[in-house]
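Asker: Structure for the following, please:
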Amino acid sequence: MAKARKVRLPLDCSDEDILAFARRWTDRLAEEDYTGAFGMLHHAPAHPGQSWVGTPAELRAWVVNGGSDVPIPGESACRVTPPGSAAGEVPRGFLALHREAGERYPGCRGRLDWPLPLNGAWSDLKASFDLVERGGGLVFVLVALRVP
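Answerer: Next comes the predicted model:
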């Protein structure tokens, strides 16, 4: 697997560019390349929207446990499905891209809520990313991976 670079899009990128990032990130998870998926994200210790996932192993644990950091008794492990081959429809209201003014904190330019397809079909597990202005571009910070 090729090494993933931290993704930085132009500030004026399109919504489709942002969704293309989400599909590429999900494809990495489907390949079980948690290091690559983790490497696409930005992290900063003092960042207000900092991800609670600090390592690729922690990212893997949250994914395979379906939105929990520990296995759920009686539940089988989850595996991410590539978005293009997931059965069913994206859960209504789970895919949301907010790029409105009125940032949540300085530098935050929006939020992306992205559903993850698991075990062959779209699921209720959602990844939430802050879209943050950094280094003259827009970067992605994972702030939640959960079932609402």
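Asker: Only C-alpha atoms from now on, for both contacts and neighbour counts.
Answerer: Noted.
Asker: D113 versus P56, what's the distance?
Answerer: Distance, P56 to D113, by Cα to Cα, to the nearest Å: 20 Å.
Asker: quick one: which of these two has more around it?
Answerer: The neighbour comparison of P56 against D113 (other Cα atoms under 10 Å) goes to D113, with 20 against 15.
Asker: Ramachandran angles for D27?
Answerer: phi -60, psi -40 (degrees, to the nearest 10).
Asker: i'd like the first residue to be 31 from this point on
Answerer: Yes, from this point I'll number from 31; that puts the last item at D57.
Asker: Quick check: it touching P112?
Answerer: Yes. With contact defined as Cα atoms under 8 Å, D57 counts as touching P112 (5.3 Å).
Asker: The two - which one has more neighbours?
Answerer: Neighbour totals were compared for D57 and P112, and P112 leads with 23 against 18 (other Cα under 10 Å).
Asker: For that one, list the residues it contacts.
Answerer: Neighbour list for P112: R53, T56, D57, A60, P147 [criterion: Cα atoms under 8 Å, 6 or more residues apart in numbering].
Asker: Of the residues you listed, which belong to strands?
Answerer: Judged by DSSP state E, the contacts of P112 include P147 as members of strands.
Asker: Ranking by neighbours, what's the top pick from the contacts of P112?
Answerer: That'd be P147 among the contacts of P112, by other Cα under 10 Å, with 28 neighbours.
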